[in-house]
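Q: Pasting the sequence and the predicted coordinates here, then a few questions.
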Amino acid sequence: KKNVVDPDLIISEYGADTARLFMISDSPPERDLEWSIDGIKGTYKYLNKIFKILTTNNFLFNSNLDYEKEDFNRDESHVYEFVNFVIESYTEDIKQYRFNLAVAKLRELSNLLIKKEVCKELSDYSWSIFLRLASIVVPHFSSEISEKAGLNVNISDIKWPTVDFEIKK
């Protein structure tokens, strides 16, 4: 009846990661997916925005923060605390198959990282955590950026981020 969306067409035009992110973020697993070309375009635009930011701003992949947290200013403390919140809640959402909620947290994190000005070390660390978390949803996207940013191994081969429980909640 021609009333189905052919994912091959979306993948060929926008890429597999765009299709995957759209499908995962659109609705909970128990609901049917409502395909929307505007939604696909929005997802594609989002991924391109992150790609451009990270590839044009001398981003260096660094999943270990070698910086004194006591020296953080207010915005940096807020970002660091939010990164840790996202690590914890994203991991739990994935374990509980709440993929749409997990993706929403990634978007919140990226929006925060775009808005807040923080030191380079914290910025690189935070974006590295973002990419590691996102790699299970958008593996090609995360791998390509990580490789461009100096990661010499596959992003899926590095340790899953852990929460710093010493920070004030």
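A: Okay, I see it.
Q: Check whether Phe99 really touches Ile136, as I assumed.
A: No: taking contacts as Cβ atoms under 8 Å, Phe99 lies outside contact range of Ile136: 9.4 Å. In this view, the C-beta of every residue, glycine as well, is placed from N, C-alpha and C.
Q: May I have stretch 114-123 as PDB, with CA atoms only?
A: Only the C-alpha atoms of stretch 114-123 are listed here, as PDB (Å, rounded to 0.1, in the frame of the first residue of the first chain):
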ATOM      1  CA  ILE A 114      27.300  24.500  24.300                       C
ATOM      2  CA  LYS A 115      25.900  27.200  26.600                       C
ATOM      3  CA  LYS A 116      28.500  27.200  29.400                       C
ATOM      4  CA  GLU A 117      32.000  28.500  29.100                       C
ATOM      5  CA  VAL A 118      34.300  26.200  31.000                       C
ATOM      6  CA  CYS A 119      38.100  25.500  31.000                       C
ATOM      7  CA  LYS A 120      39.400  23.500  28.100                       C
ATOM      8  CA  GLU A 121      40.300  20.500  30.300                       C
ATOM      9  CA  LEU A 122      36.700  20.200  31.600                       C
ATOM     10  CA  SER A 123      35.200  20.900  28.200                       C
END
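Q: Flag every buried residue along that stretch.
A: Within stretch 114-123, the residues that count as buried by 16 or more other Cβ atoms under 10 Å are 116, 118, 122-123.
Q: Rebuild those as JSON lines, extending it with pLDDT, distance to Arg74 and secondary structure.
A: Shown next, in JSON lines, are the buried residues of stretch 114-123 (pLDDT from 0 to 100; distance: Cβ to Cβ, whole Å; DSSP: H, G, I helix; E, B strand; the rest coil):
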{"residue": "Lys116", "pLDDT": "94", "distance to Arg74": "10", "secondary structure": "coil"}
{"residue": "Val118", "pLDDT": "94", "distance to Arg74": "10", "secondary structure": "coil"}
{"residue": "Leu122", "pLDDT": "95", "distance to Arg74": "13", "secondary structure": "helix"}
{"residue": "Ser123", "pLDDT": "95", "distance to Arg74": "16", "secondary structure": "helix"}
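Q: That's all I had, so thanks and see you.
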